[in-house]
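Student: Need the 3D shape of this:
(chains A and B)
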Amino acid sequence: MTNDPLVIAGRTFSSRLLLGTGKFPSAQALREAIEASGAEIVTVALRRVDLSKPDDEGILSAVDPQKQLILPNTSGARTADEAVRLARLAHAAGLEPWVKLELTPEPRYLLPDPIETLRAAEVLVKEGFVVLPYIQADPVLAKRLEEVGTATVMPLGAPIGSNRGLKTRDLIRIIIEQANVPVVVDAGLGAPSHAAEAMELGADAVLVNTAVSDAVDPAAMGRAFALATEAGRLAYRAGLGPVRDTAEASSPLTGFLDA
Amino acid sequence: MEFIDELNQWPKERVQALLDEVTLEDVERALHSEQSSPRDLAALLSPCARDRLEAMARKGRRLTRWHFGRTIALYAPIYLSNVCGSDCTYCGFAARSGSKLKRLTLSHDDIRRECEALSKRGFEAVLLLTGDAPRVAPVSFIAEAVGIAREYFASVSVEVYAMDQADYGVLCDAGLEGVTLYMETYDRETYAKVHLAGKKMDFGYRLDALERAGKAGARRLNLGALLGLFDWRLDGFWMGLHARHMQHTCWQSAIALSFPRLHHTPDRFKAPCLLTDAELVQLMLAMRLFLPEVGFSMSTRETPALRDHLIPLGVTHMSAGSSTRPGGYATSGDETLEQFAIEDHRTPEVVVEAIRRAGYDPVWKDFDHAFTGGAVIGRNVSRR
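Tutor: Below is the predicted model of the structure:
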């Protein structure tokens, strides 16, 4: 895969699997999952960490900044103002100016607010942030964000933590077809086969969290997702054959033209 | 629809009839339904469901992990005052509880000392409490306390008397995250029997209080019934409906539930309907299956052994090392009146170890000042 890197905002990554860091049973389990998954971008909820304190047993202690880019996310924010404040604080505390916008005003399904997300993206892009917005699988919104200058779009496959797979497949296909920025399928991928499916469809990367953190063996599941992501990418590049409902007719209907 | 109208549609006779009708088949259906109806809730609360408790526990654990992961958030209460103008027959703070112990309202300096002591123990989330005494502990006093606590902690919530929406707004402006307020019981008759003085006698005003808090901007709304006052199956049913109603009306707030059992009461009151451990577990699991994305808070009212067993059964938030008297962490001793005796006396470190042993990650910080108006300048952080 070395000839096929993922490029986001001019930065190159050899892994196309991004990992979320919430919900793990311990920092040790998280550390092992990051290692086994080979993820080079790990996203960290800013509300869960205190960047002003040394972290010897929390989430940040599991990340190796030499090997992984810490992508701070704004989960818990309900408005653009809150997300913008969080992003600025994270950057001021020493993190790189990258931010995953998660604007989820309702706590039950954690679905993203398109209006606040667009507003926050406008502000943060102008301030020089590399913005990766978590969005509904909405092709028009994806184009609007791209025009604002976001570095990716991150449409959801299904609600966060639901493990339901690529429920938004048809819309994600349109987003991929129209995108000029990398498309990262985020949320809802509950099994490695879901990740492979998204990659086969032409997604540039996938982000998983719950499926790995909730596995009996998170490290092994991290590795399984890495393999599936790579397999899906290879299949996409190799050119998948079309799916047919019926066998190909042996007597072509237009055969007479050659007669 | 107002919640009172919804509650009125479910008088106790109707709920009781529903509970009586439940068959094992209904319990099975409730166990497997994806969107639970009130009828499913009744099935899970019924005596019939007792036989399917293990299946409920397995599903409950799975749902909790989906929504919250294997994490338990930690918090501690800070009692600001034990002065109270209400007369709730079951409560140690009640004016007529018969206690001669010291009544006390903390000064700003006292509050700082409590915050300092808890911050040193690692806490990032606190719950500020007062009695029902708006004259001694007015909204302005509580707002100041929220402001002080915010200098030390990422998240500040309150458990105080019911107030108007504008007053909740004042607290939110001061940096409040959440409001905890128990209805105590949803049965009007029982409610009237145990609340003998003060504004708390107004059932309707209390019933709507959390909704007012949500509309004022509180992001976490924690409801509960005081278990032991009335039949838990009925109160559980109404509490479930209340929580679901809150999810619809305050859709931007996280709804949470507590399950406080009335183990300790003043001499004049004996809880008529105490729950066994098995009944408490059934209630929690019925709530978890009915409301998969709702947080559960577990206080130190319960014993260490039970608390540890409850960790995988839906609990998402636990208090630890708690004191229920004002000044209890830094200045006050036994001479100061406490609200109730706690059962789990372990230090936060020991509770954290128990959480880890259960295979869960203890979470100290799960909120940020950026959500309530930016960073606090000169934050008083006492390092662990």
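
Student: Helix, strand, or coil at residue B:323?
Tutor: coil (DSSP: H, G, I helix; E, B strand; the rest coil).

Student: Show me the helices in the stretch 101-250 of chain B, by range?
Tutor: With helices called from DSSP state H, counting those that start in this stretch, the stretch 101-250 of chain B shows them at B:108-120, B:139-150, B:165-173, B:188-194, B:203-207, B:209-215, B:232-249.

Student: Those into CSV, with extra columns for mean neighbour count and mean pLDDT?
Tutor: For glycine as for every other residue, the C-beta is placed from the backbone atoms N, C-alpha and C. Shown next, in CSV, are the helices of the stretch 101-250 of chain B (neighbours: other Cβ atoms under 10 Å in any protein chain shown; pLDDT from 0 to 100):
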stretch, mean neighbour count, mean pLDDT
helix B:108-120, 19, 95
helix B:139-150, 21, 96
helix B:165-173, 19, 96
helix B:188-194, 15, 96
helix B:203-207, 17, 96
helix B:209-215, 23, 96
helix B:232-249, 22, 97
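
Student: who wins for proximity to residue A:145 among the ones you listed?
Tutor: For the helices of the stretch 101-250 of chain B, proximity to residue A:145 was assessed by Cβ to Cβ; helix B:232-249 is nearest, at 29.3 Å.

Student: Please see if the closest one touches chain A.
Tutor: Yes: applying Cβ under 8 Å from any Cβ of the partner chain, one finds helix B:232-249 touching chain A at residue B:247.

Student: For that helix, name the packing helices and strands.
Tutor: Under the contact criterion of 3 or more Cβ pairs under 8 Å, 6 or more residues apart in numbering or on different chains; DSSP states H and E, helix B:232-249 touches helix B:3-8, helix B:12-21, helix B:38-45, helix B:209-215, strand B:220-225, strand B:254-258, helix B:277-290.

Student: what's the burial count for the residue in the stretch 51-200 of chain B that chain A sits nearest to?
Tutor: Residue nearest to chain A within the stretch 51-200 of chain B: residue B:69 (2.2 Å; Cβ to the nearest Cβ). With neighbours defined by other Cβ atoms under 10 Å in any protein chain shown, the count for residue B:69 comes to 22.

Student: That one contacts residue A:214, doesn't it?
Tutor: Yes: between residue B:69 and residue A:214 a contact is recorded at 6.8 Å, counting by Cβ atoms under 8 Å.

Student: OK, contacts around the residue nearest to the spatial centre of chain A?
Tutor: Residue closest to the mean C-alpha point of chain A, counted by Cα atoms, centre = their mean, is residue A:207 at 3.4 Å. With contact taken as Cβ atoms under 8 Å, 6 or more residues apart in numbering or on different chains, residue A:207 is in contact with A:17, A:18, A:19, A:20, A:43, A:154, A:184, A:185, A:186, A:187, A:189.

Student: List the residues that contact the closest residue to the first one other than its chain neighbours.
Tutor: The one in question is residue A:17. Distances taken as Cβ to Cβ, 6 or more residues apart in numbering or on different chains place residue A:229 nearest to residue A:17, at 4.5 Å, with adjacent residues excluded. Each residue near residue A:229 by Cβ under 8 Å, 6+ apart is listed here: A:15, A:16, A:17, A:192, A:195, A:196, A:199, A:205, A:206.

Student: how near is the fifth one to chain B?
Tutor: As for residue A:195, its distance to chain B is 18 Å (criterion: Cβ to the nearest Cβ, to the nearest Å).

Student: Secondary structure element holding that residue?
Tutor: helix A:192-200 (DSSP states H and E).

Student: Right, and chain B sits closest to which residue of the stretch 1-150 of chain A?
Tutor: residue A:23 (2.2 Å).

Student: Give me the neighbour count for that residue.
Tutor: Number of residues near residue A:23 (other Cβ under 10 Å) recorded here: 22.

Student: quick one: contacts for it?
Tutor: Taking Cβ under 8 Å, 6+ apart, one finds A:161, A:209, A:210, A:213, A:214, B:65, B:68, B:69, B:70, B:71 in contact with residue A:23.

Student: Give me every residue in the stretch 151-300 of chain B lying close to chain A.
Tutor: Close to chain A, as judged by Cβ under 8 Å from any Cβ, the stretch 151-300 of chain B has residues B:154, B:219, B:247, B:251, B:252, B:253, B:254, B:255, B:293.

Student: If we use 6 Å, what do you get?
Tutor: Contact residues (Cβ under 6 Å from any Cβ of the partner chain) of the stretch 151-300 of chain B with chain A: B:251, B:252, B:254, B:293.

Student: quick check, nearest of these to residue A:47?
Tutor: For those, the minimum distance to residue A:47 (Cβ to Cβ) is 12.3 Å, reached by residue B:254.

Student: Counting neighbours, what do you get for that closest one?
Tutor: 21.

Student: same thing with residue A:164?
Tutor: 15.

Student: about what we covered before: list the backbone torsions phi and psi for the residue of the stretch 51-200 of chain B closest to chain A.
Tutor: The phi and psi values for residue B:69, taken as degrees, to the nearest 10, are phi 70, psi -170.

Student: give me phi/psi at the residue nearest to it when sequence neighbours are not counted?
Tutor: The spatially closest residue to residue B:69, leaving aside those adjacent along the chain, is residue A:23, at 2.2 Å (Cβ to Cβ, 6+ apart). The phi/psi pair for residue A:23 (degrees, to the nearest 10) reads phi 70, psi 0.

Student: tell me the pLDDT at residue A:23?
Tutor: The model reports residue A:23 with a pLDDT of 88.

Student: The one 4 residues further on now?
Tutor: As summarised for this prediction, residue A:27 has a pLDDT of 89.

Student: Now it: closest residue in space that isn't a chain neighbour?
Tutor: With Cβ to Cβ, 6+ apart as the criterion, residue A:27 has its nearest non-adjacent residue at 4.7 Å, and that residue is residue A:62.

Student: contacting residues around the one you found?
Tutor: The contact partners of residue A:62, by Cβ atoms under 6 Å, 6 or more residues apart in numbering or on different chains, come to A:27, A:30, A:31.

Student: do that again at 7 Å, thanks
Tutor: Counting by Cβ atoms under 7 Å, 6 or more residues apart in numbering or on different chains, residue A:62 makes contact with A:27, A:30, A:31, A:34.

Student: with those in mind, which one is nearest to residue B:228?
Tutor: residue A:27 (39.4 Å).

Student: Go ahead and confirm the closest one touches residue A:63.
Tutor: No: contact criterion Cβ atoms under 7 Å: residue A:27 and residue A:63 do not qualify, at 9.6 Å.

Student: what about chain A, any weak spots by pLDDT?
Tutor: A:1-2, A:54-56, A:244-250 (pLDDT under 70).

Student: Might you enumerate the residues of it proximal to chain B?
Tutor: A:22-26, A:46-50, A:52-53, A:76-78, A:82, A:85-86, A:89, A:105-108, A:161, A:210, A:213-214 (Cβ under 7 Å from any Cβ of the partner chain).

Student: of these, buried ones?
Tutor: A:22-26, A:46-50, A:76-78, A:82, A:85-86, A:89, A:105-108, A:161, A:210, A:213-214 (16 or more other Cβ atoms under 10 Å in any protein chain shown).

Student: need the strands for chain A, in chain order.
Tutor: A:6-8, A:11-13, A:17-20, A:41-45, A:69-73, A:98-101, A:130-135, A:154-155, A:184-186, A:205-208 (DSSP state E).

Student: could those be laid out in JSON lines, adding distance to residue A:119?
Tutor: Listed next are those as JSON lines, based on distance: least, Cβ to Cβ, whole Å:
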{"stretch": "strand A:6-8", "distance to residue A:119": "22"}
{"stretch": "strand A:11-13", "distance to residue A:119": "25"}
{"stretch": "strand A:17-20", "distance to residue A:119": "24"}
{"stretch": "strand A:41-45", "distance to residue A:119": "21"}
{"stretch": "strand A:69-73", "distance to residue A:119": "17"}
{"stretch": "strand A:98-101", "distance to residue A:119": "10"}
{"stretch": "strand A:130-135", "distance to residue A:119": "11"}
{"stretch": "strand A:154-155", "distance to residue A:119": "17"}
{"stretch": "strand A:184-186", "distance to residue A:119": "20"}
{"stretch": "strand A:205-208", "distance to residue A:119": "23"}
